[in-house]
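Undergrad: I need the structure of the sequence given here:
(3 chains)
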Amino acid sequence: MIGVFICFCGNNIGGYVHVPELTEYFNKKEGVIAFDTMFLCSEIGQNLIKEKIEELNLDSVVIASCSPKHHGGIFQACIGEKMNQFKWEFANIREQCAWVTPNKEEATEKAKAIINGAIEKAKLLTDIGTTKVSVTKDVLIIGGGIAGMHASLELSDKGFHVNMVEKKETIGGNMVRFDRIFPTDDCAMCTGSPLLADVAMNPLIDIFSLSEVTEVKGRAGEYIATVVKKPRYVDETKCTACGECTTHCPVEVWSEWDLEMGLRAAIYKPMAQAVPLKNRIERDSCIRCGTCENVCKAGAIMYDDEPREFKLTVGAIVVATGYDLVDLSNTEYHLEHPNVITGLQLERLKVPSGPTEGEILRPSDGKKPKHLLFVQCAGSRDRRHNVYCSKICCMYATKNARLIKAENPEMDITLCYIDMRTAGRGYEEFFDTAREMGIKYLRGNVSEIVPDGEDLIVRVEDTFANEPKAIKADLVVLSTGLIPSQGTRDMGTIIHLVSGADNFLAPVHVKIAPVDTANKGIYIAGTSESPKPIQECITDAGMVASRIATFLKDPEIEIELVTSKINPEVCIKCGTCADNCVYDAIETTGEFYKVLDVSCQSCGKCSVTCPTGAIDLSLYTEDQITRQIDGILASDRDSIIAFSCYQCGYNAADLAGTAKAKISPKIKVIRVPCSGRVTMQHMLYPFYKGAKGVFLAACLEGQCHYIDGNLQAKEKVALAKKSLDIMGVGGHKLNLFNMSSAEGPKFVAAAKRMVEICQ
Amino acid sequence: MKNKYSLFPGCISKNMYPSIEKSTRIVFDKIGIELLDHKYSCCPAPGVFRGYDRNTHMTLGVRNIVMASQDDVDVLTICNGCYGSLWEANEMFKKSKENQEFVNEMLGKIGLSYDGNTEVYHFADILHESLDKLKENKELDLGLRVAIHYGCHYLRPSAKHPDLNPEAPHIVEDIVEALGCESVDFKNKLSCCGAGGGVWSGAEDVSLKILDEKLGNVEEANVDCMLNICPFCHLQLDQGQAKLKKYKIPILHLSELIGLAFGVRPKHLAMHTHMVSTRDLEKKIKKAKRSKE
Amino acid sequence: MSEDPYEIEQFKKILEDSKILSCVQCGKCTAGCPAGRQSRIRIRELIHLAQDGVDLKDDPSLWYCTTCYNCQERCPKGVDTTEAVIYLRNRAVRKGDHNFPPLHVTAIKSLRDKGDGFPLSPEVEKIRSIIGLPIRPDDLAHDEKYLKDFTKLIDELGILKLVENKDGEQ
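TA: This next block holds a predicted model:
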């Protein structure tokens, strides 16, 4: 007997689907008993499930409610109290049915088909066990900015040993380059420098500067990271940072640390508070004159220094790799003009220890500007650059405008904006006083900055007056949009983290799991996730530390054995599965092949490549998926089956629901762990049963959570298309669409395209 | 690159500035690209005709493209307006089934049809691809200070040139420098001349004010001439100066400049038909050093 | 006239085509408009009025746009602003706008009868012959058969009827 539990979810499902009709319908089905309730996730709902399992001695359960991404964990735990925690299947009738089907009759019919598919699959569910594996208590933090520093201190306070890997010559990130921070106008370094010192002196924190993580292998609880430390050409154990070398170095080049607002020598330290407090030779600018070697009393110069590679074994990883600014050179903003600068460059001009000692002097002639103009949304909220709002610019521009106005009351300061977004504690008040100080806020998006010799003409409409203006300015500051840093972008390929359409790293759930990634034991913090102010980075860091402390609290963690299993009677020992497994999770013990449960990542790609069908992934077996297809098509023969990978395609389908997009009721999603799990048989079988079409919603190429599953799927789709052509069905009715987990509209477009094709 | 195109001269170069048509033919002959003639009408002018009826504009544009497609050659335009018109008509046709049906139904009435397989090019792009040939054929290093005016419908919509940054193009600059001239930057270089959109014929006062702003910026840059790649801009920049009675900036179409660098005598290019005298310019060219013996 | 493609329902589709519903009224279009600096045309305002369904008939500023595409190219929200202006002109003409310029009518008639908006004059014929070009170009204007077909095509398209309305000739 299978118990079907259907949730009204208040009006969320009940308003779009005739729930009682569903209950009545499934109660008539042999071997099925159905119940409905207002909120299945509530205590009442959970008790109902538990009671009925016991009372009716149910074989398995179907939960028809919201996306499993939402409450999957709750139901699994609830069911696990009374039977094996995997003996249930869900039917997502909220995000993927109720919310995308405006017609109630059609939505009800679609829900029937989805639930029927789940029932058929549930009939074949078997018990799946768990096992315990040991964990390493060490933590790796990638990125030593404000989020990384806070997380490292928080974790060391909890007793964890932290390895901090920083790409630059010092930790500190962008924040320590600021002058002051909003909304308190604190000096950034007054806040930052104690942190730097704490991290530097903490015996539980090892800092690896000038270092990059190049590879991560292993499993949750025991990841092995390869780190490459670039040569500093200065012996860190000998250098006393006395600065003799810098004083004598004959080289002067633009300083990267000062964002080309000032100069540096070839041997330098970026700031007085650098951690580690060591000098560094930047070899591209070094002319190898030997001066530094001659003056260094400590004998620290190492011209023959070389890169060093080493490995770190850690239980958990924090990715806090931060942001960069979008490049607006050669655009209508003309950032290439010396007197058009970014907000970050302005920070370097304002810092008392910076190249101008805190004086606002324009780069072209070192004169103090009389007319200063801030351009908001430069590269943000703009489909040509970043579609998203960079969140912090309204406040940081206002902060700088206020500070400059306070010191230079005679200076004419204008800030051009589309919308002032000052939501946050003390933010609106901060903005209020800025206007009262005489800073002009002009509501209009700057169209272009026209270079006029050393000055600039800013073309902007005063939208309240309906009048275009040409404002003359002698220094223009672009409140430049934030983009993920190169390091953040690299994490997609190095750790196989999922990123959104905006290229920022995507949490497993944007609302309810904001720092968790799909990879257990790997967390994201700070602006690698999205643009955010400092206090939110710190909040992230605290949450990450807490999540890790929970994750690593015991010497062992339990892992679910949703793994592949080999049937030795069918296995011909060809080794294809072992060759293809990117996790080295299949080993041969001489006589037969065996899956290493702790290494298996449950992608199921092996079962697709096996020539005899000897290896199969539990919870997504060949037969379970086939029966699910049967169940759906028995209820609605004209369906279009959408195999959706649980990392991206499935999430995109959920997001389409959250956005209340319209999707044809013909589209029926079948969850698969990875598009690489879908066999040729799965692609062709629905057509035998009368389906109108089949598609795969897979991750973007290069971003597959399982490295190459989507590429494998691409090959299989190409082959299956040929078969469909030969069969006379038409290969065009089978397609693969790539999308990130954040791209709901892409799922909608794919569904629409399929409906057009398959009409 | 192909060695044969159908030349779409456009109304203005044919009927008002034959110097442009003439120099284009000379230049392309010298660099070894054959130009064919076809039974072309006005492109039709985007500003006027598109403003009244997009479908008429598209249909007449496609009819022109059909003329070249019948001989299996692509269309080469020497005018931004023609380029914009024909490119847009071609795009609209290619992108929409509804448009294909409409256009072919209309063309069917005069026994024509189109399959969407012909491309429309702008001559500046073709010349840029032939920079080596230009250098080979150059007789004079002109040594002029040149203010480049791109004209809107070459740069925008930028979908026409996926690889070109419409805020910082360098196609014409590269050509000008290859001819031994200096491209001089000036304020608001990429802005409009004021002629397009039916404004030249429809609102002359507005058109001239836009031109005045443009020429004022060029004047500040102190150049020998202003260079364009569009006869309609050419017309506006040249005749407009006569109307404004303020400036004396010689106006050259790119084909004319290349013709001069190739050693063709100004008279043979009918430079005297320009409203703004090019005599000072010609004097300077006479002194230019020969780039080859 | 229920099939007039510019009637309200169809117009909504046109608005979607030029994506003006995405507009956030940021003013970037008006700010960089070369015509706006010299006349009363305000692209942002036109888009706003169009969003509200105003047909903009008899608004002379509609005809000041030089279609330079500055606004469209830079629109942060991907609105095809210049295309929208062209759609709005098309619509205004059908609604009986009386502001379109008389020289446009001349050009349209010239195109129909002579194949070119700017036809060849005897003076230019002379210049052409002096510099060694054929006196008359080998084009449609100088080929009777092609010109006849062309005139027929324009009449089928009906553009002339739109402007003849203005003169009350219909």
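Undergrad: mind listing what residue 69 touches?
TA: Here I'm looking at chain A. A:508-509, A:650-651, A:654 (CB atoms under 8 Å, 6 or more residues apart in numbering or on different chains). For every residue, glycine as well, the C-beta is placed using N, CA and C.
Undergrad: that answer is for a different chain, and I need it for chain C
TA: Contacts here follow CB under 8 Å, 6+ apart; on that basis C:Tyr69 touches B:152-153, B:155-157, C:82.
Undergrad: Not counting sequence-adjacent ones, nearest residue to it?
TA: Nearest residue to C:Tyr69 in three dimensions, chain neighbours excluded: B:Arg156, at 3.5 Å (CB to CB, 6 or more residues apart in numbering or on different chains).
Undergrad: Mind pulling the model confidence for the one you found?
TA: Looking at B:Arg156, its pLDDT is 96.
Undergrad: okay, the contacts of C:Tyr69 in JSON lines with secondary structure, neighbour count and distance to A:Val227 next?
TA: Formatted as JSON lines, these follow (DSSP: H, G, I helix; E, B strand; the rest coil; neighbours: other CB atoms under 10 Å in any protein chain shown; distance: CB to CB, whole Å):
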{"residue": "B:Cys152", "secondary structure": "helix", "neighbour count": "28", "distance to A:Val227": "53"}
{"residue": "B:His153", "secondary structure": "helix", "neighbour count": "29", "distance to A:Val227": "54"}
{"residue": "B:Leu155", "secondary structure": "helix", "neighbour count": "22", "distance to A:Val227": "47"}
{"residue": "B:Arg156", "secondary structure": "coil", "neighbour count": "25", "distance to A:Val227": "48"}
{"residue": "B:Pro157", "secondary structure": "coil", "neighbour count": "19", "distance to A:Val227": "47"}
{"residue": "C:Thr82", "secondary structure": "helix", "neighbour count": "25", "distance to A:Val227": "53"}
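Undergrad: The residue nearest to C:Tyr69 touches B:Asn165, doesn't it?
TA: No. Contact criterion CB atoms under 8 Å: B:Arg156 and B:Asn165 do not qualify, at 11.6 Å.
Undergrad: Find the helix or strand that A:Ile317 is a member of.
TA: strand A:316-319 (DSSP states H and E).
Undergrad: need the contact list for the residue nearest to C:Tyr69.
TA: Listed by CB under 8 Å, 6+ apart, the contact set of B:Arg156 reads B:166, C:68-70, C:72-73.
Undergrad: and the residue of chain A positioned farthest from its centre, what is it in contact with?
TA: Largest separation from the mean C-alpha position in chain A: A:Asn294, at 48.4 Å (CA atoms, centre = their mean). A:Asn294 makes contact with A:His248 under the criterion CB under 8 Å, 6+ apart.
Undergrad: residue in the stretch 101-250 of chain B nearest to chain A?
TA: Proximity of the stretch 101-250 of chain B to chain A (CB to the nearest CB) peaks at B:Ala168, 3.8 Å away.
Undergrad: How about the backbone phi and psi for that residue?
TA: In terms of degrees, to the nearest 10, the main-chain angles of B:Ala168 are phi -150, psi 60.
Undergrad: Leaving out sequence neighbours, find the closest residue to residue 40.
TA: All of this is about chain A. A:Leu40's closest residue in space is A:Cys7 (CB to CB, 6+ apart), at 3.7 Å.
Undergrad: right idea, wrong chain: chain C
TA: C:Ser61 (4.9 Å).
Undergrad: Just confirm the one you found is within a helix.
TA: Yes. Counting by DSSP: H, G, I helix; E, B strand; the rest coil, C:Ser61 falls inside a helix.
Undergrad: my guess is it contacts C:Arg42, does it?
TA: Yes. C:Ser61 is within contact range of C:Arg42, at 7.0 Å (criterion: CB under 8 Å).
Undergrad: So for those two, which sits in the more crowded spot?
TA: Taking neighbours as other CB atoms under 10 Å in any protein chain shown, C:Ser61 and C:Arg42 compare with C:Arg42 leading, 23 against 20.
Undergrad: Please, which helix or strand holds the closest residue to that one other than its chain neighbours?
TA: Leaving aside its sequence neighbours, C:Arg42 sits nearest to C:Thr30 (CB to CB, 6+ apart; 5.2 Å). Assigned by DSSP H and E, C:Thr30 belongs to helix C:28-31.
Undergrad: returning to what we had before: and the contacts of A:Lys69, which is closest to chain B?
TA: A:Asn651 (31.1 Å).
Undergrad: Sort out which residues of whatever helix or strand A:Val213 lives in are buried, please.
TA: A:Val213 belongs to strand A:211-219 when elements are defined using DSSP H and E. Within strand A:211-219, the residues scored as buried using 16 or more other CB atoms under 10 Å in any protein chain shown are A:211-213, A:216, A:218-219.
Undergrad: Could you list the paired strands of that strand along with their orientation?
TA: Strand pairing for strand A:211-219, determined by DSSP bridges: strand A:222-229 (antiparallel).
Undergrad: tell me the mean pLDDT over the following helix or strand past the partner strand?
TA: The element immediately downstream of strand A:222-229 (helix or strand, assigned by DSSP H and E) is helix A:244-248. Helix A:244-248 carries an average pLDDT of 97.
Undergrad: go on, stretch A:448-460?
TA: Across stretch A:448-460, the average pLDDT comes to 97.
Undergrad: need the residues of the stretch 51-200 of chain B near chain A, please.
TA: Within the stretch 51-200 of chain B, the positions near chain A by CB under 8 Å from any CB of the partner chain are B:165, B:167-168, B:187-188.
Undergrad: is it possible to export these to JSON lines including neighbour count, secondary structure and pLDDT?
TA: As requested, these are exported to JSON lines (neighbours: other CB atoms under 10 Å in any protein chain shown; DSSP: H, G, I helix; E, B strand; the rest coil; pLDDT from 0 to 100):
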{"residue": "B:Asn165", "neighbour count": "12", "secondary structure": "coil", "pLDDT": "95"}
{"residue": "B:Glu167", "neighbour count": "18", "secondary structure": "coil", "pLDDT": "96"}
{"residue": "B:Ala168", "neighbour count": "15", "secondary structure": "coil", "pLDDT": "96"}
{"residue": "B:Lys187", "neighbour count": "17", "secondary structure": "coil", "pLDDT": "95"}
{"residue": "B:Asn188", "neighbour count": "19", "secondary structure": "coil", "pLDDT": "95"}
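Undergrad: Determine which two of these are furthest apart.
TA: Of all pairs drawn from those, the greatest distance, 18.9 Å, lies between B:Asn165 and B:Lys187 (CB to CB).
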